[in-house]
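Visitor: Model the following, please.
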Amino acid sequence: MSTKVFVNLPTTDLERSKAFYTGLGCDISPEFTDENAACIVWSEDIYFMILKRDFFATFTDKPIADPNESVQVSVSFSQDSREAVDAIVAKGLAAGGTEPKPAQDYGFMYSRDLDDPDGNSLGFLYMSEEAVEEGPEAYMAEQGAAS
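Guide: Numbers count the residues shown, from 1 in each chain. Coordinates of the predicted model:
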C-alpha cells in the first residue's frame, strides 16, 4: 500500500471551500464528506480534509490559528510547466482565492502562491528537470557558463 497524505485545513464556510477546490480542478469524495467536512481529492495519494473550524477543534487541544493572520503550514504542488503554474493560479483566483505576493522566478524554479478563501496558503511551482537532477546551484552555474 502506498502512503496517502491527508492535509487538514479549517474553514469558516464549507460550501465556499468546496467551490474553491473544485474550481481548481479537484474532486470531492462523497464517502468522506458531510455537514462538517469535505474530502478534497488532489490525486490518488493526496487529500485535503476541509473542516469547519468548530469540528476541526475537536481533533486538538491547541488553539486553531486564523490563517488570515498567521501561517501554520504552506502546502506546495509541483506542476509540469510555468504555464501550468499560471493556469492553476488563474483557476484559483477565479474561484475566490487571492495571490498574496507576485510570482517568484529564480531561473531554475518558478513559483506562485495562492491563498484559499479562508487564507490557507497553497504554492504551485515548476522546477526545470535539470535543476531537479543536478541541484539548483549546479544548474545555475551551467546557465551562467552558457550565457
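Visitor: Can you show me the strands along the chain?
Guide: Listed in chain order, the strands found in the chain under DSSP state E are 5-11, 27-29, 37-41, 46-52, 74-78, 104-105, 109-115, 121-127.
Visitor: Quick check, central residue of this structure?
Guide: Centroid-nearest residue in the chain, with Cα atoms, centre = their mean: Leu122, separated by 3.1 Å.
Visitor: Can you give me the domain boundaries for the protein?
Guide: Per automatic domain parsing, the structural domains of the chain span 1-59, 72-147.
Visitor: lowest-confidence stretch among the ones you listed?
Guide: Here the domains of the chain differ in mean pLDDT, and the lowest is domain 72-147 at a mean of 86.
Visitor: Reformat the domains of the chain as JSON lines; add distance to Ala65.
Guide: The way it works is simple: take the backbone N, C-alpha and C, and place the C-beta from them, glycine included. Formatted as JSON lines, the entries for those read as follows, by distance: least, Cβ to Cβ, whole Å:
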{"stretch": "domain 1-59", "distance to Ala65": "8"}
{"stretch": "domain 72-147", "distance to Ala65": "5"}
